[in-house]
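Asks: Got a predicted model here, sequence first, then my questions.
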Amino acid sequence: MNNTIVYLIRHAETIDENGIRNTDETIQEINEKEILSIQGEQDSKKLSKNKELNNIDIIWSSNYTRAKQTAKYIANENNLIYNLDKRLCEFL
């Protein structure tokens, strides 16, 4: 019997805008556009080197920018593309 292992990974650190948000956009629109900070990019790259994430078969990500930015490093390390699914997003 084959075992399936699922890793759930939260996106890395996002840019802190000191609480300033564009009030012309909804919370959902803001969430979709938030990007990783420099530290978040570095943490994502470091995470992708984790031996437990080597040789994975498939990657799924929400369509949020920060999630895709995190997934890209893991995908690159495993020579995979990542799949997007909007159902993986936060629902308010």
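Replies: In hand now; what should we look at?

Asks: list the buried ones in stretch 80-89?
Replies: 82, 84 (16 or more other C-beta atoms under 10 Å). All C-beta spots, glycine's among them, are computed from the backbone N, C-alpha and C.

Asks: let me redo that: stretch 38-48
Replies: 40, 41, 43, 44, 45, 48.

Asks: Inside helices: which ones of those residues?
Replies: With helices taken from DSSP state H, the overlap with the buried residues of stretch 38-48 comprises 40, 41, 43, 44, 45, 48.

Asks: What residues does the third one make contact with?
Replies: For residue 43, the contact set (C-beta atoms under 8 Å, 6 or more residues apart in numbering) comprises 12, 13.

Asks: before we move on, the earlier item: for the ones in helices among the buried residues of stretch 38-48, which one is nearest residue 3?
Replies: The nearest member of these to residue 3, counting by C-beta to C-beta, is residue 48 at 22.6 Å.

Asks: averaged over its residues, what pLDDT does stretch 14-23 have?
Replies: When pLDDT is averaged along stretch 14-23, the result is 62.

Asks: separation between the residue most central in space within the chain and residue 79?
Replies: Centrality entry for the chain: nearest residue to the mean C-alpha point is residue 67, 2.1 Å, by C-alpha atoms, centre = their mean. Applying C-beta to C-beta, to the nearest Å, the value for residue 67 to residue 79 is 20 Å.

Asks: How about residue 45?
Replies: Applying C-beta to C-beta to residue 45 and residue 79 gives a distance of 16 Å.

Asks: how many other residues sit next to residue 66?
Replies: 24 (other C-beta atoms under 10 Å).

Asks: That one: what secondary structure?
Replies: Classification of residue 66 using DSSP: H, G, I helix; E, B strand; the rest coil returns helix.

Asks: contacting residues around the closest residue to it other than its chain neighbours?
Replies: Distance criterion C-beta to C-beta, 6 or more residues apart in numbering; nearest residue to residue 66, sequence neighbours excluded, is residue 11 at 4.2 Å. By C-beta under 8 Å, 6+ apart, the contact list for residue 11 reads 36, 40, 64, 66, 67, 69, 70.
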